[in-house]
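Student: Fold the following.
(one chain, ligands or ions: 1)
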Amino acid sequence: MVSPQGRLFGTNGVRFIPGVSADLEFVIKFAECIGTYFSEGEVLVGRDGRLSGEALTLALTSGLMSSGRDVAEAGLVPTPALQYATKTLGYRGGVMVTASHNPAEYNGLKVVGSDGVEINRLDEQKIEKIFRDDSLKRADWKNVGTSRAEPSVIKTYLNGVLSKVNARLIAGRKFSVVMDPGNGAQCLAAPYLLDMLGCKIITINSIIDGRFPARGPEPTPETLGDLSAAVRAVGADLGVAYDGDGDRAIFCDENGAIYWGDQSGSLLTDYLLERVTDATIVTPISSSQVVEVVAAKRGAKVIRTRVGSVDVSRTIIERGAFFGFEENGGCIYPAHIAVRDGGMATALMLECLAARGLSFSKIIANTLPRFFQAKTKVHVPPARVKEIMKTIEKQAGVRVEKVDGLKIWTDEKTWVLVRPSGTEPIIRIFAESETEEKVNSVFKKFVRLVKSASAS
Ligand code: MG
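Tutor: Sure, this is the predicted structure:
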């Protein structure tokens with residue numbers, strides 16, 4: 001069960017398995033705490049396509065109403081659409097029922113402020129304190145909240161994205177795009193966005209299904225074989241895949257090669273930096289050093305954060321940064337909204353392709369220096385995580401960054417990051433270097449260390 005004494009919020013919102021690690025009673029009470037935290041105004045509520053989503057949304061809505069908040073129900077929408085509409089339509093805040101890319105049995109709650117951005121860590125702690133101290137406020141019979149439908153969320157979102165790109169330039173190229181929303185929430189928005197941008201669209205896995213039967217809710221190079229094959233089969237210019245709630249986008253070139261988000265994010269960084277000087281780019285400690293090379297060329301500064309889009313978003317806002325991204329495919333363009341958005345990333349990528357006038361693979365080859373990466377996750381007993389990390393630290397050598405987990409540099413261009421996940425009992429291991437031999441050697445060494453430390 002979700003422990004009321006410990007942290008409730010993980011890396012990105014509250015996550016649990018309904019009926020196993022939290023029940024509807026928890027959701028109602030937690031929603032009353034969220035409503036108490038918001039203290040006034042109307043809250044926008046939405047959900048992704050997970051099977052437990054409808055039940056959780058009803059519990060969430062009743063909890064918010066019980067605390068006196070009025071609720072506007074967006075229904076099934078991508079997370080970035082809920083966030084953008086919260087900001088643009090003037091809501092006090094928003095709550096999204098989603099577990100993003102986590103397996104189908106999970107679900108969760110993401111709380112956003114009136115700016116549409118996930119609330120910061122201090123505000124998360126305020127809600128947790130209300131929950132722990134049982135200091136939530138329940139409205140009396142005269143002040144119980146109301147609920148109504150908010151049908152314009154997706155339309156508002158699509159218009160917002162379109163307004164931030166050169167739609168005429170993109171439409172002029174008549175791009176052919178294969179899209180794989182992975183049975184997730186972007187099924188309801190992204191195809192229409194590309195249609196409005198004059199693209200010829202071929203979709204796969206484009207029926208909402210909360211079991212995520214096609215490839216699971218997390219888009220990675222390993223799970224996107226069908227996208228890659230479809231792009232080659234139809235001779236498309238671009239392939240794009242989204243995660244379960246549509247805030248992450250992973251791209252594939254015209255040859256079917258899939259790129260991690262730090263490559264596509266670095267490409268967008270290079271493209272977007274053409275229009276500004278002295279810009280700041282924000283990315284977590286886990287993404288490729290390729291962005292430093294690209295940013296240096298364009299006179300921009302890179303700030304590294306803890307892993308998690310909340311940290312990236314909040315740092316972008318605090319530092320007035322121009323753009324941010326994550327290696328998992330999250331792209332944040334604050335001129336639109338300072339949260340990651342798979343639809344905005346797609347529109348920007350199409351604009352980059354249109355402006356450069358070359359194929360995706362050529363643009364990547366012309367823009368990004370080559371680095372080699374390796375990544376995996378090791379399942380570990382939750383109680384042993386701290387001990388394992390201590391063992392790793394003893395092996396770490398001299399140059400270690402502790403922004404999040406341990407980023408261990410073994411030479412100028414070789415690093416390995418060993419980091420416990422915020423949402424699951426796993427330790428993630430990423431490594432990168434300029435040669436395949438170097439990356440393999442450091443990667444294998446630390447995977448072995450984590451496995452033996454977790455078994456001992
Ligand atoms: Mg997501």
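
Student: rest of the way, CA atoms for contacts and neighbours
Tutor: OK.

Student: Could you pull up the contacting residues of whichever residue of the chain sits closest to the ion?
Tutor: Residue nearest to the ion within the chain (Cα to the ion): residue 100, separated by 3.6 Å. When contacts are counted by Cα atoms under 8 Å, 6 or more residues apart in numbering, residue 100 is found next to 217, 243-246.

Student: how about 10 Å then?
Tutor: 12-13, 15, 48, 50, 78-79, 106-110, 184-185, 217-218, 243-248 (Cα atoms under 10 Å, 6 or more residues apart in numbering).

Student: what does residue 127 give?
Tutor: Counting by Cα under 10 Å, 6+ apart, residue 127 touches 8-9, 30-38, 133, 135-136.

Student: Pretty sure it sits in a strand.
Tutor: No: assessed with DSSP: H, G, I helix; E, B strand; the rest coil, residue 127 is helix; it does not lie in a strand.

Student: what's the spacing between residue 58 and residue 45?
Tutor: For residue 58, the distance to residue 45 (Cα to Cα, to the nearest Å) stands at 10 Å.

Student: Compare neighbour counts for those two and give me the winner.
Tutor: Set side by side, residue 58 and residue 45 show more neighbours around residue 45, with 29 against 16, by other Cα atoms under 10 Å.

Student: Quick check, the more buried one in contact with residue 74.
Tutor: Yes: in this structure, residue 45 is within contact of residue 74 by Cα atoms under 10 Å, at 5.8 Å.

Student: shared neighbours of those two, which are they?
Tutor: Joint contacts of residue 45 and residue 74 (Cα under 10 Å, 6+ apart) are 82, 96, 149-150.

Student: Just the endpoints, please. Distance across stretch 136-152?
Tutor: 31 Å.

Student: re earlier: sort out which of the shared contacts of residue 45 and residue 74 are buried, if you could.
Tutor: Buried members of the shared contacts of residue 45 and residue 74, counted by 16 or more other Cα atoms under 10 Å: 82, 96, 150.

Student: Where helices are concerned, which of those count?
Tutor: Secondary structure defined by DSSP state H assigns residue 82 of these to helices.

Student: Stretch 50-69 and the ion in contact?
Tutor: No: between stretch 50-69 and the ion, judged by Cα under 5 Å from the ion, nothing touches; the nearest distance is 12.5 Å.

Student: The ion contacts on the protein?
Tutor: Listed as neighbours of the ion in the chain under the rule Cα under 5 Å from the ion: 100, 245, 247.

Student: Let me see the mean pLDDT of stretch 83-103.
Tutor: What stretch 83-103 shows for mean pLDDT is 97.

Student: for stretch 365-381, same thing?
Tutor: Per-residue pLDDT over stretch 365-381 has a mean of 94.

Student: end-to-end on that stretch?
Tutor: Start-to-end, stretch 365-381 (Cα to Cα) is 41 Å.

Student: next one: stretch 402-413
Tutor: For stretch 402-413, the end-to-end distance is 17 Å (Cα to Cα).

Student: and that stretch, average pLDDT?
Tutor: Averaging the model's pLDDT scores along stretch 402-413 yields 94.

Student: now swap in stretch 22-29 and tell me
Tutor: For stretch 22-29, the per-residue pLDDT values average out at 95.

Student: For that stretch, what is the distance to the chain centroid?
Tutor: Relative to the mean C-alpha coordinate of its chain, stretch 22-29 is positioned 25 Å out (Cα atoms, centre = their mean, to the nearest Å).

Student: quick one: contacts for residue 255?
Tutor: Per Cα under 10 Å, 6+ apart, neighbours of residue 255: 228-229, 231-233, 235-239, 359-361.

Student: Output these as a markdown table; include the columns secondary structure, pLDDT and distance to residue 258.
Tutor: A markdown table is the format used below for those (DSSP: H, G, I helix; E, B strand; the rest coil; pLDDT from 0 to 100; distance: Cα to Cα, whole Å):
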| residue | secondary structure | pLDDT | distance to residue 258 |
| --- | --- | --- | --- |
| 228 | helix | 98 | 7 |
| 229 | helix | 98 | 11 |
| 231 | helix | 98 | 11 |
| 232 | helix | 98 | 12 |
| 233 | helix | 98 | 15 |
| 235 | coil | 98 | 15 |
| 236 | coil | 98 | 14 |
| 237 | coil | 98 | 13 |
| 238 | strand | 98 | 10 |
| 239 | strand | 98 | 8 |
| 359 | coil | 98 | 14 |
| 360 | helix | 98 | 11 |
| 361 | helix | 98 | 10 |
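
Student: Can you say which of those residues are buried?
Tutor: Burial by neighbour count, 16+ other Cα under 10 Å: within the contacts of residue 255 this picks out 228-229, 231-232, 236-239, 359-361.

Student: Many thanks, we can stop here.
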